[in-house]
Every structure is written in C-alpha cells, then in structure tokens.
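1. predicted model and sequence follow; I will ask about them next.
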Amino acid sequence: MTDEPPETALPEPLTKDLGDRLRGVVGDAWVIVNADRLLAYESDGLTAYRKTPRAVVLPQNTDEVSRVLGILSQEGVPVVPRGAGTGLSGGALADSDAVVVGTARMTGMIELDPDNRLARVQPGMINANLTKAAEPFGLYYAPDPSSQSACTLGGNVAENSGGPHCLKYGVTSRYVTGLTVVTYDGKVVELGGFGRESGGYDLLGVFIGSEGCFGIATEIEVRLLPRPEGVRTLLAIFDRLKDAGSAVTEIMAEGLLPAALEIIDGNTIRAVEASVFAAGYPTDAEAALVVEFDGIEAGLAGDVERAVAQCRKAGAREVRTADSDEERLALWRGRKKAFGAMGQLANDLMVQDGTVPRSKLTEVLGRISEIGARYDLTIANVFHAGDGNLHPNLLFDRSDAEELDRVERASTEIMAVCVEAGGTITVEHGVGLDKRRYMSLVHGPEELDAMRRVKSVFDPLGRMNPGKVLPDGPDTARATP
Amino acid sequence: MNPLADLLSERLSKTQVVEGFETERWAVCGRVPQAVVFPESDEQVAEILSLSSEEGWHCVPGGRGSWLEGGQPPQGVDVFLSAERMNGISAYEPADQYIEARAGVGLDELQRRTRECQQWVALDPPGGDRGTLGATLAVGTAGPLQDGFGSPRDQLLGATLVTGDGRVLTLGGRVVKNVAGFDLLKLIAGSWGTLGMITSATLRLHPAPAVDRSLLFGGSDVASGAALACRLAQTPLSFAAVEFLVPGNEESGAGASSPLVAVRILESVDAADEAERIVSERAGTPPVQRLEGEQSAAIFDNVRAMEEGAELVLRLSLLPTRLPELVEMTSRLGGLYDPTAGWGMRLAAHAYTGVLRVMIAKVRREEAWLDRANALLGDLRRSLEAEGGSLVVSQGPPEIVGALGAWGEPGPAAQFIAGIRAAFDPASILARGRMPQ
C-alpha cells in the first residue's frame, strides 16, 4: 500500500436521498460510505488491482436485495456483487460510480434436507460451513476450492468454482440444482429446482459462472453427497517434474479415477519447507505428487497399489502412503499451504490459471519455465494435474512497476501457450477484469458477440458488474502503484 | 419441384435435397416438411439457415429422424435439416479422455470406438444408442445414470452451433474445466434445435469400470417396490443407478406385472462385491437376479427402450423421497389407457432424481376421451407443480400434446426464454413453438 491517492477519481458520495433510501431498506449500519471502511473493498484476492467503490450495501435477504437493486436501478447506478472477496481475477472490484452489494450478512442455512441430500443456503455462507452443517448426516458438499474456508457459495456460483476434488466429482455447476436470483431491476426469478423438469433453456446452467454479470443469486439449492466410506492418500516424490507428469498420465491410463491428483513443483516445495508450514517434503526434489482415492473401502487398497506401481514405474524416488487421517493431512499439507508459503517469498503473487489437455502438461510446464527464465521471474507451479489445470504463481513486488510489467508480459505468454496446446485461459478463477484481454485468444468476434447478447437478456442496460468478462470498453483495470 | 426445394437445390447439390412424398417419413409430430436437406458442412448449414431466415421458412434441425414424434410440436416445418451426412469422429484422445465428432455420428458408434480403449461415454438417454450425437444433446434428456455421471450437458465439453441467422459459433473446448466467459454451451443442451443446429460436439469420457453388475430385487406390489427403491437410493453409498420398474403386462394383458428395483454397480472388483453385500443387506432380501457385464448393460438398455411402442409418455417428478407418492398418483391414470392393449402401462423411475416415466401403449378413445384425458393430466400437472414438481408430456397423441402442451408453466423465467431465443435466432425460424412460450 502507498499513501498516494489512487489515480482514479475519488468516489462520488451517495446523494443524501439515495443513501437514505438504501438505509431505509437495510438499516443505517449496513450502508458503508466512509472512506476508511471502503478500503476493505478496494481489492480482492488479486492484489494487483485496486479500486474504491462509491458505497457498499449489505442486505440480509432476497427481499432486501430486490429492493436495493430496484432503487439502484431507478437511479441508474451500476452494481457489483461481492462475496468474501477471495476471487483471483478482480471480478468483485467496483468503479467509483458503482455500488457494491455484498452478501456478508446472508450466511444462513435456509433448509437442510438430508433425506433428499439437498441444502438451500444463502449466498454468503462459507463453502466449508456447508460441509460442516451436513456432516452430522454423513453428507458433504463436493466442490472444494482452495479458499473453501473463506470463500462463499455465492462466489462459487458466480465463478463456477472447482477445487482439487473436481477431477472425480466435477465443478460447482454439477451441484447447484436451483437458484433464486435478483436481476438488475430488482426482479426475483427462480431458476431450476431439484425434483422438477421445467422446459425451456438451462438458464440455471448459464447463470452459474456468469461472474455477477447477470444478477445476484440470493438463495442457492445444492446437492450434497454421502461421505465416501474410505479415503486413501499417497505422496510420490520425483527428481524430475516431467516424471511426475508421466505418472499422472499412467495413473489415468490405468483406468483409475482418483478423487484428486495434485502436483507441486520444486520451487513450491522449497517455499513450503522454508515456511512455518513445512510439511517434510525433501527440498532437493523437483516435484511432489499427491494422489487421493475415495469410495468404497474395500476397493481402495487395490487402487492405491496400482497407483504406487505407476509412480514407481515413472521414476518416483519415494512413495509415502497414509493410513490415518492425521497422516493423510500431513501428506496434503504441502499442497494446501503452498499459497500461504509463497506469500512469504514475495510481497505479491500473481496466481495464473490455465488448462491444457493432460497429455500436454509436461511440454507446457517446460515452456512456462522457459518464459519465467526469459523474464527473470520466479515461477512456482501448483496444479490440479488430473484435469490439466495449471496454476503458475508469479512472484513479484507491486511497488516495482518494471517487475509488474514483466509479470504481465509473462502471464500473457503463458496464456497463449495454454491456448496453443488446446487449453484455455481460465479454469476456475474466472475472467473478471484481469483476463478480459485474453478473451480473444480463445473466442472469436462471433462468440464474444453471442455472449454479449446473452448478457443483455439478463441485464439489458449493462448495470450488473460492468466492465467484467467481456473485453469491452477501456481497460481501466490496472491501478498504479 | 416446389419452389422452396428449387431454391435449396441451387445452393446444395440435388442429392442433398429431398422433396415430395419422400419427405413424409421426416414428419415432425405429424407435420410433413416441404423439403428435407442433408448438409455436409458447417458452411452448408449456415447457408441454408441464412436463406431460411431471409425467406421466413420454418426449419427443424434433426439427426436420423428416429424420434420425430417427441416433444412439443413445432408450429410448422418447411425445411428439415438432417445431420445424417455429417459423419465421422474428428478427434479421439484416450489419454485426454475426450472425443470430438460430427453431429450425425450415432451414440452407438461413439460407444464402440471408445470401448476399444476401455473408455465410454456416460450417456444413457431414453431410446438407446441409435440416436445421433447432435440429437441426443439437443434433446438433453438424461437416463438412469444421471445421478452418478450427470446429464448430457455435463458430458459436453465443446460444440459447434450454427445459429438461426447462420453464424457459426465454436463454444467450449476440449478440457473438462473451463470458465473463459459465459457458459453458452449449457444453453445448447436441451434446446431442442431452437437456438441453432449442432454440427459437432466434444464429449468427456470416463474409464470403463472393471465391473458392470446389476442386481434386480422384486417387490410384492407397486407400493412396496417404490419404497424399496427409495430405501436403496438412500444407502450411504452412491451406486451408478437405482431404477424402479414396472414392466407392464406381457402381451396377454393378464394384469399388471410385478415391480422390480434394479441397482447398477460400476466399480472395481473388490468395491463391487462390497457394494453388492451392502445393497442386499439394505434390501432385506437377496436379489431375484444378478447380471454381470454385457447382461448388466443390456438390462439397462432395456430400461431405456421401454418407451418403444408407447403412444403416450409422461415424465412426472417430485423430490426423490416422494417417489412412492408419485407412483401412487399413477393409479389415477387408470381411465386413460386400455389395459388390454399391448403391455398396457409401464413405469420406470430414477430413484436418485425422483423422475418417473409413465409409458402408455394405447390411449383409450371413447366418447369425450380427449376432454377426460386433458382434465386428468391437467389436474395432475397442477398438483405436481403446486408441490414443486412437474409433468412433462414427452411424447403423445397430437390432440393431447396440443391441448396440454409438452411443458408446464415456465413461470417468470419465460421472459428470458424469449430473449435467449432471439439472441440466437432473430428471425424466429428454428423449431418455433418447441420451447415453452
């Protein structure tokens, strides 16, 4: 942070009348206009971008959201929905003319129906809390983004979030069965709903992952899964990253379907081991592969045995297996704490998010490392190897404009490499502000135009989260140091 | 030649346009097209649709025409576009677990090809694998495997769609996770050809399980069978499918046949044995039949084919725990059909999702039959909708579908349906009337 004022115009305060009307809906305490308090909303998980919204409004239920949006719509004020602000693409940032509508007060469980394995929750509920609530019934919520102890289900819906276990279980859209949404003008609409087959287009499906550009989800119905009977985890250590990549290919070719297949590279291992999160991974290794199986207890031993054999065949120098939950968590620790550990290596972190077909992993990782060397940047890789989802982490210091510029240019090249290999530019972090400029790498003008048309069905006046996802308008995204 | 077929023949080769009496076999819900065209490329589809948009011709895209009687009838059909000649698997990467094919490829061919590499397409729509890839996606209906593997939209990684005004859109890609922009692919599955013609698609694949085993349990009567299906679906293990079945009379018409519950287990060898032990314990009785491998697959193919020869097919749904009530409601349908005609009435329910298919061989046609049928089904639909459920007329005599509509009330989402449609088909030429209005 610097003490200099941001280059963007200072937020225009709400008129007394508008402020009063909003306070009349949500209560005095829940309309934030104070500059100090607005600071908490100037950024999300991607710290390279900063903007201060005009105000933040925190309604507590569908009705209040509807009335707030109705008022803002009458006044022509743009709206930016926000969950916990853990997003990594700048999607929850608001320009100074826009009002943030946050879900922080909408954290409740509306209904838990264990017999039908369904839950209906408010959007501000934290992902991990849903599983906590379902646990006594032997159920859990499958999508588990790395930020699951902080991120909200509403945010997960907006981003169509994934997580390590979506290799076997799929992403958010497989679990959300119904939504109550409020559109820009305050209208409340039900989409989907378990236990009914409504004709018409899959509006629920297209709303999920729309990054707050179509409306705000105020109630979320999700499917829960029974807790798998057993879980087995193994950790394989490799001297060469490409051997870990081959192990992944071989495990999948065996017809095995692990619940998770995660790789962390040498740079990440060393960062973790140098931090308070040290997990006991050997620091001279170039890759650690975490493989997890879950399901019917009786079948797990055989799965683990076959996976261990494939790791050894691919050149693993060591394979550790876990028998107790405690040992299992220890094997995961290096993977789970990777981001936290990297935070200690540099002030800032650009977590990239791309995907390639699994068979191209090794080749693409080689090219990413070459890009890092060329731009003189430290890149640490943590990734969901099973589905080809890469997370190259570029370490930098925001106050160094020249370094930031190199990070940007390296990121662009990494995206191009992913697309060239048959992959895409974002897999679970969303487009937000940051990736708009890469959209034309994967979509032609016709496809972008089709997206624009569909957005305008939900948001004809362009009031919902303007300037996000579609590469329209000026790139006002970047805040300067 | 009729002038429409003339104009089309100018754009395509003559062998790609059929007119006259030969178009009768391509009638959609009884509406005979003026011409049937067999485009071979995206460009040809785009050309036909642009021309039709200019001329205002009503178009219906389709596959091999194996299920033209289903769904809400289109208002009119001037041109039927068949994907039959858009063939071939364009990319198959077993290591990356995807397959990309042209829309006219049959599901059977995809299954054959992927089986060679110990993989499979986890799709089991009603009717079996004789339909094309494009039609399966356009209809978007899931089968018994939905709970374990998702519906057609969940298998869809990418697609090429030619819109009503002839734009060629490449949507999605080849990778399982992808959030680069709004997920327009989701709109395509289940759009019944109203947003465009799907010309190719990429599907995700799953590894073939080591064991495919089906256990059949008998129920003494329909109510206890439905209760058993519910109980098995609530086992704290997820099976690939739990299906409640009433197969209908044998041809003799000697009263309703007894119900069955079929549990499908797709697992590794050890896990399958354990799952079998748990299911049997939970059922309280040993299975009346135990099928393995191809026989297990075959019994579920039979479940998919249960609609064959049906005059009326309804899809009823409520929350899964209410399956017994849903099944009980079918007793109200007694006056609707002739129990002595063919197999009478069949039931098949997905216990995990609470969808019950009701199949009726022959609708009874006596005096005022239509009014009675409409009143009965209308009441049933209303009571289900009031409980958060639905009734879809999947296929039926034109009189019934015409009066009731295939779909129920779309509710406030209707405003979006019209908007989405206009975004893809501004001249409104594609299968108009097939979506709820």
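-> Looks like it arrived, so ask away.
2. ok, A:Val417 - how many residues close by?
-> Using other CB atoms under 10 Å in any protein chain shown, A:Val417 has 22 neighbouring residues. No exception for glycine: its C-beta is placed from N, CA and C like everyone else's.
3. now do B:Pro410
-> Using other CB under 10 Å, the number of residues around B:Pro410 comes to 19.
4. quick check: it vs chain A, distance?
-> For B:Pro410, the distance to chain A equals 5 Å [CB to the nearest CB, to the nearest Å].
5. and the stretch 301-437 of chain B, which of its residues are near chain A?
-> If contact is defined as CB under 8 Å from any CB of the partner chain, the residues of the stretch 301-437 of chain B in contact with chain A are B:315, B:317-322, B:353-355, B:384-385, B:388-390, B:392, B:406-408, B:410-414, B:416-417, B:419-421, B:423-424, B:435-436.
6. just the buried residues of these.
-> With neighbours counted using 16 or more other CB atoms under 10 Å in any protein chain shown, those contain these buried positions: B:315, B:317-322, B:353-355, B:384-385, B:389-390, B:392, B:406-408, B:410, B:413, B:416-417, B:419-421, B:423-424, B:435-436.
7. for chain A, which spans come out with low pLDDT?
-> Under the criterion of pLDDT under 70, the regions of chain A flagged as low confidence span A:1-12, A:473-481.
8. what distance separates the top helix by length along it from the centre of its chain?
-> Of all segments of type helix in chain A, defined using DSSP state H, the longest is helix A:401-420. Averaged C-alpha coordinates place helix A:401-420 at 20 Å from its chain's average position (CA atoms, centre = their mean, to the nearest Å).
9. that older thread, show only the entries of the residues of the stretch 301-437 of chain B next to chain A found in helices.
-> When helices are assigned by DSSP H, the members of those inside them are B:Leu384, B:Glu385, B:Ala414, B:Phe416, B:Ile417, B:Gly419, B:Ile420, B:Arg421, B:Ala423, B:Phe424.
10. can you tell if the helix or strand just after the longest helix of chain A touches chain B?
-> Per DSSP states H and E, the first helix or strand lying C-terminal to helix A:401-420 is helix A:439-442. Yes. Using CB under 8 Å from any CB as the criterion, contacts between helix A:439-442 and chain B involve A:Met439, A:Val442.
11. what residues sit buried inside helix A:439-442?
-> By neighbour count, and taking 16+ other CB under 10 Å as the criterion, the buried residues in helix A:439-442 are A:Met439, A:Leu441, A:Val442.
12. ok, the last one - contacts?
-> This means A:Val442. For A:Val442, the contact set (CB atoms under 8 Å, 6 or more residues apart in numbering or on different chains) comprises A:Val419, A:Thr424, A:Ile425, B:Gly173, B:Ala180, B:Gly181.
13. repeat that with 10 Å
-> A:415, A:418-419, A:423-426, A:435, A:448, B:170, B:172-173, B:178, B:180-181 (CB atoms under 10 Å, 6 or more residues apart in numbering or on different chains).
14. do you know how far A:Ser411 is from A:Ser369?
-> Between A:Ser411 and A:Ser369 the computed distance is 15 Å (CB to CB, to the nearest Å).
15. neighbour count: those two, which is higher?
-> More neighbours sit around A:Ser411 than around the other of A:Ser411 and A:Ser369, counting by other CB under 10 Å; the figures are 23 against 16.
16. the more buried one against A:Lys435, yeah?
-> Yes. Contact criterion CB atoms under 10 Å: A:Ser411 and A:Lys435 qualify, at 9.2 Å.
17. spit out the residues that contact these two alike.
-> What both A:Ser411 and A:Lys435 touch, as defined by CB under 10 Å, 6+ apart, is the set A:Gln352, A:Gly354, A:Ile425.
18. neighbour-wise, which one of those residues leads?
-> For those, neighbours were counted by other CB under 10 Å; the highest total belongs to A:Gly354, with 30 neighbours.
19. and the closest residue to that residue other than its chain neighbours, how many neighbours?
-> Using CB to CB, 6 or more residues apart in numbering or on different chains and skipping residues adjacent in sequence, the residue nearest A:Gly354 is A:Cys418, 3.6 Å away. The burial count assigned to A:Cys418 is 30, neighbours taken as other CB under 10 Å.
20. also A:Gly170?
-> Neighbours of A:Gly170 under the rule other CB under 10 Å: 19.
21. again with A:Lys16
-> A count of nearby residues for A:Lys16, using other CB under 10 Å, gives 8.
22. phi, psi of it?
-> When read as degrees, to the nearest 10, the backbone of A:Lys16 gives phi -60, psi -40.
23. contact partners for A:Gly155?
-> For A:Gly155, the set of contacting residues under the criterion of CB under 10 Å, 6+ apart consists of A:44, A:81-87, A:91-92, A:103, A:123-124, A:126-127, A:145, A:147, A:161, A:172, A:211-212, A:217, A:430.
24. now with 6 Å?
-> A:Gly83 (CB atoms under 6 Å, 6 or more residues apart in numbering or on different chains).
25. also A:Ala244?
-> Listed by CB under 6 Å, 6+ apart, the contact set of A:Ala244 reads A:Phe238, A:Ile263, A:Ala287, A:Leu289.
26. all set, thanks.
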